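build me a model from this:
(one chain, ligands or ions: 2)
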Amino acid sequence: MTKRTILLLAGDGIGPETVEEVKKIIAWMNEALGAGFELDEGLVGGAAYDAHGAAISEEDMAKAMAADAVLFGAVGGPKWDDVPYEARPEAGLLRLRKDMELFANLRPAICYPALAASSSLKQEVVEGLDILIVRELTGGVYFGEPKEVIDLGNGQKRAIDTQIYDTFEIERISSVAFELARTRSNKVCSMEKRNVMKSGVLWNEVVSQTHAADYQDVELTHMLADAGGMQLVRWPKQFDVIVTDNLFGDMLSDVAAMLTGSLGMLPSASLGAHDPKTGKRKAMYEPVHGSAPDIAGTGAANPIAMIASFAMCLRYSFNMTKEADMIEAAIAAALDSGLRTDDIMAEDCVRVSTIEMGDAILAELGKSAA
Ligand code: IPM
Ligand code: MG
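Residues are numbered from 1 along each chain as shown. Ligands and ions are numbered 1, 2, ... in the order given. From the prediction side, this is the model:
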C-alpha cells in the first residue's frame, strides 16, 4: 500500500474544529478506499506560542518539511494580540510558506449553484463563477528587507516595508498561471500597478516575456490591480486565471472569496517547485478564511473550505483526481440537500453545525463509493 504522509497543523480558533471534520474523511478514505494516509499533528500560531513561545517549533517545522503535504487550519486571535511581533501567530504561517518555498498560491473562487443567492452580488453576476487566483506567496512586500520601524529621534518614527521582485520569481509564478490556464479556459489576466510601482513595471514585462517565450497559445491580458478589483465585483465571469503578487493577491482573493457567498467556502493550495529528482513538490493546503475567534467553539464554523482544501491536496499532492472529484461532488450534494452552516444560511434551508455538515459530506461520500 502506498504510504502518504500528511501533517495536520490545526492552529487556533475554528482551525481545530474544521480540521476535525477532515480527519473523519481521511479515516473513511483509509478504511473504505485503502488510501494509506498517515497523519501526524503539530502546533502552529497561538497554540504553538502557548506551548513553545514561538509561532511554530523547530520540530514541527522539520515535520512540515518532511511531510508529503501539510493541512493547515487557521491562526490568530485576540488572546495573542500583545505577543512579540516575531512570535505573533501569523509568523508561523509565513515561516512555513517561506521555508518550504511555497511560491505558488492557488485560490479558486467557485460559486456552487446552491449558493448563488447568498452572494452579496446579484445572482446573475456570480452564478456559474469559476475563477482561479494565482498569488505569488514567498516574495514582495511580505518578505522584502528592510522591514522595520525606525525612531527618527525627533518624536517621529518611520515605518518601512520593501516590495521586491526578481525576474525568476515572476517567471515561475506566471508559468504556473499559464500552465493552469491550459487546463481551464486558457485565459490569464496579470494584475500589478505599473503606473506607480517599479516592481509593477518589471512584473508586467516578465509576464509578457514568459508568455511570448512559451505560452502564446494562452490568451494574456494585463490590468492595473485597482481596476482589477473593480472588475472582480463588476463582472467576475470575464476572468479565468488571475496572476498577481503577494499583497494584491491577498486582497483580491478576499474579494473573490466573497463573490462565492462566503469566505467559509474557499480552499487554497500553496505549492513549491517540483523536485527534479523525485518529481515531488512541497505543499500546504489551507482555507482562505481565518481563525474566526468570535465563533470558535460555537459549532457555527463552516468546515467546507477546510474539506475542499483537502480535496485540493488529493489533486495536487497525491494525483488522486477521482477522489478529489468525489469530495467536491459530496460538498455540492450536501449543499443541494439544503444543509447550511450559519455563514451561508438562507430561506427554506436547514441550519446545521460544523459537525453535522462534516457528517453530511461524509454520508454523501459513502453513497458515492457504494
Ligand atoms: C491569507 C492571510 C495571511 C496573509 C495572513 C494570516 C498572514 O490573510 O492567507 O490570505 O496575509 O497572507
Ligand atoms: Mg488574506
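
the chain: strands as residue ranges?
Applying DSSP state E to the chain gives strands spanning 4-11, 37-42, 69-74, 104-110, 130-136, 148-151, 157-160, 187-192, 219-224, 241-244, 269-274, 281-285, 339-340, 350-351.

ok, which of those strands comes nearest Thr18?
Nearest to Thr18 among the strands of the chain is strand 69-74; the distance by C-beta to C-beta comes to 6.1 Å. To be clear about C-beta, it is placed using only N, CA and C from the backbone, and glycine gets the same treatment.

quick one: mean pLDDT over the closest one.
Mean pLDDT, strand 69-74: 98.

which neighbours in the sheet does it have, and how are they oriented?
The pairing partners recorded for strand 69-74 under DSSP bridges are strand 4-11 (parallel), strand 281-285 (parallel).

picking that back up, for Asp60, find the nearest of the strands of the chain.
Here strand 37-42 is closest among the strands of the chain (C-beta to C-beta), at 3.5 Å.

who are the packing partners of the closest one?
Under the contact criterion of 3 or more C-beta pairs under 8 Å, 6 or more residues apart in numbering; DSSP states H and E, strand 37-42 touches strand 4-11, helix 15-33, helix 58-66.

could you dump the ones you listed into CSV with mean neighbour count and mean pLDDT added?
CSV is the format used below for the helices and strands packed on strand 37-42 (neighbours: other C-beta atoms under 10 Å; pLDDT from 0 to 100):
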stretch, mean neighbour count, mean pLDDT
strand 4-11, 24, 98
helix 15-33, 20, 97
helix 58-66, 15, 98
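
which residues sit in contact with the residue in the chain that ligand 1 sits nearest to?
Ligand 1 sits closest to Glu90 of the chain, with a gap of 3.9 Å, by C-beta to the nearest ligand atom. Listed by C-beta atoms under 8 Å, 6 or more residues apart in numbering, the contact set of Glu90 reads Gly45, Ala55, Val75, Gly76.

returning to that earlier point: how about CSV for the strands paired with strand 69-74, with distance to ligand 1 added?
Formatted as CSV, these follow (distance: least, C-beta to the nearest ligand atom, whole Å):
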stretch, distance to ligand 1
strand 4-11, 10
strand 281-285, 11
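
among the ones you listed, which is nearest Cys189?
strand 281-285 (24.5 Å).

and that closest one, what's its mean pLDDT?
97.

once you drop chain neighbours, what's closest to Val19?
Ala10 (4.0 Å; C-beta to C-beta, 6 or more residues apart in numbering).

which one is Ala273 nearest to, not counting chain neighbours?
Nearest to Ala273 is Arg281, by C-beta to C-beta, 6+ apart, at 6.2 Å.

what number of residues lie near that neighbour?
Number of residues near Arg281 (other C-beta atoms under 10 Å) recorded here: 18.

residue numbering should commence at 69 henceforth.
New numbering, starting at 69: the last item is Arg349.

tell me the residues of the stretch 219-368 of the chain that contact ligand 1?
By the rule C-beta under 6 Å from any ligand atom, the part of the stretch 219-368 of the chain lying against ligand 1 is Asp318.

the helices in the stretch 219-368 of the chain, which residues?
Here the stretch 219-368 of the chain has its helices, by DSSP state H, counting those that start in this stretch, at 235-250, 266-282, 293-302, 314-327.

is it true that Lys225 touches Glu216?
No. Applying C-beta atoms under 8 Å, one finds Lys225 not in contact with Glu216, separated by 10.0 Å.

okay, and for the protein, where does confidence drop off?
69 (pLDDT under 70).

mind giving me the domain split of it?
Per automatic domain parsing, the domain ranges recorded for the chain read 69-178+334-438, 198-327.

Serialize those to TSV and add fields for distance to Gln191.
Compiled in TSV, the domains of the chain are given as follows (distance: least, C-beta to C-beta, whole Å):
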stretch	distance to Gln191
domain 69-178+334-438	12
domain 198-327	11
